[in-house]
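**Q** got a structure for you, letters missing:
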DNA sequence: AAGATAGTATACCGATCGTTCTATCTACAA
DNA sequence: TTGTAGATAGAACGATCGGTATACTATCTT
């Protein structure tokens, strides 16, 4: 408790509650109760619930991008192997006990209006993730890095939402196998370790 | 309006409102106002809002499966071409003005608990769709029809949710191109018309 | 010592939520 | 004509929603 201010506690609580219980279905009372904070404190840092939601989405975006970059950097092998490391990250993410689908897809499901700040923030995150993936594909020497990045994005996102829908564990493996085909079709080499896994 | 009973009007209104505005965010009042029906009438046919939601999801499932089967049957070409027709259906679906992502993914985003009837209904639909797709892949002579069906499901679902997230129109084309690669890798032949499109 | 900072406690607001009750109107049979 | 069943309109329920107001208490700086 010592180092954590009320704002961080609120963001942490809201992040978890919004993700697992949905945004509209999660009331302010639940958030402040979980955070162990007073209502007035919440409204000091976040003038409205929408501001809190937006802050949560932006926080989640930063965390996902940062953690992904770190783990890809730490992955062994060549540039192609580093791309494939994304599917290992995906596997662990979807196997987590608290997994409830893609936080950004979930947010957009509740805010379909593209002009809404929450929708826009989720879209911005997806754009950033796409940019990072394109960069990876380019440095791996893919013939069409933009197309490959699109396709891998589709595979990753599709696997996440399908896993949330049906809970089957084979879906991530299928996505991984598809990625191997698409990546090698683009002239990118994968090491034996990656192909054998 | 003549032949339509109150129950159908309610289902139609709720289907539209839940899809575009979200389920929790759509109140009973909005539903009955849109349907042009009194509140007591709603509660006669649906004892609670949850029952209405469930009925809407199940209705949507039947509609999607039926329409998809019809359009695939009507598609020209061999069995592989019929699979690829799914991406044309997808294109039209995502280009529609009222497009708001995948209705079932959206529902699960608001009902993450797998034991909740709404979640279960969405999962059941996905299972049915998967079964149909597997059947298509098998009759097309794919080497691993189960794997291919998984991968195509991932591509279709991923394209839908990414399109909802970022609105880009290239994502469906990328999914289609990936499907061509994966399908031909499974030894399924595609006609010239399909490959050239 | 004084004052700012950060947070607590709680009571309250109007609006809306899902749901139920009641009073009224209508249609048809006896 | 009267009785009755069913649909309708709308008030009202308690609960909860997001948000505000007022008053109090630590803690830390200067």
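**A** Here it is on my side, so go on. Predicted model, so just to flag it, every value in this text is computed and none were measured.

**Q** which residues sit in contact with the residue of chain A found nearest chain B?
**A** Per Cβ to the nearest Cβ, residue A:158 is where chain A lies closest to chain B, at 2.6 Å. Any C-beta I mention is one placed from the backbone N, CA and C, and that applies to glycine too. With contact taken as Cβ atoms under 8 Å, 6 or more residues apart in numbering or on different chains, residue A:158 is in contact with A:175, B:153-159, B:161.

**Q** can you list these in TSV and add distance to DNA strand D?
**A** Listed next are the contacts of residue A:158 as TSV, based on distance: Cβ to the nearest atom of the strand, whole Å:
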residue	distance to DNA strand D
A:175	35
B:153	35
B:154	34
B:155	36
B:156	34
B:157	29
B:158	31
B:159	32
B:161	25
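
**Q** what separates residue A:69 from DNA strand C, distance-wise?
**A** 30 Å (Cβ to the nearest atom of the strand, to the nearest Å).

**Q** which ones are touching that residue?
**A** residue A:132.

**Q** Show me the helices in chain A, by range?
**A** A:6-21, A:28-35, A:39-45, A:49-74, A:79-95, A:103-110, A:117-139, A:145-166, A:170-185, A:192-196 (DSSP state H).

**Q** Tell me the buried residues in the third one?
**A** Going back to what we said before, that points to helix A:39-45. Neighbour-count burial for helix A:39-45, counted by 16 or more other Cβ atoms under 10 Å in any protein chain shown, picks out A:41-42, A:45.

**Q** Tell me the one among those residues nearest to DNA strand D.
**A** Comparing the buried residues of helix A:39-45 against DNA strand D with Cβ to the nearest atom of the strand picks out residue A:42 as the nearest, at 7.6 Å.

**Q** The closest one is in contact with residue A:29, isn't it?
**A** No - contact criterion Cβ atoms under 8 Å: residue A:42 and residue A:29 do not qualify, at 10.1 Å.

**Q** residues touching the most centrally placed residue in chain A, list them.
**A** Centroid-nearest residue in chain A, with Cα atoms, centre = their mean: residue A:64, separated by 5.3 Å. Contact analysis of residue A:64 by Cβ under 8 Å, 6+ apart lists A:103, A:125, A:129.

**Q** Please apply the same query to residue A:71.
**A** Counting by Cβ under 8 Å, 6+ apart, residue A:71 has contacts A:85, A:89.

**Q** repeat that with 6 Å
**A** Contacts for residue A:71 were tallied using Cβ atoms under 6 Å, 6 or more residues apart in numbering or on different chains; they are residue A:89.

**Q** pLDDT at it, what is it?
**A** Residue A:71 is assigned 98 on the pLDDT scale.

**Q** Leaving out sequence neighbours, find the closest residue to residue A:84.
**A** Nearest residue to residue A:84 in three dimensions, chain neighbours excluded: residue A:194, at 5.0 Å (Cβ to Cβ, 6 or more residues apart in numbering or on different chains).

**Q** ok, which residues in chain A are in contact with DNA strand C?
**A** A:5-7, A:36-41, A:44 (Cβ under 7 Å from any atom of the strand).
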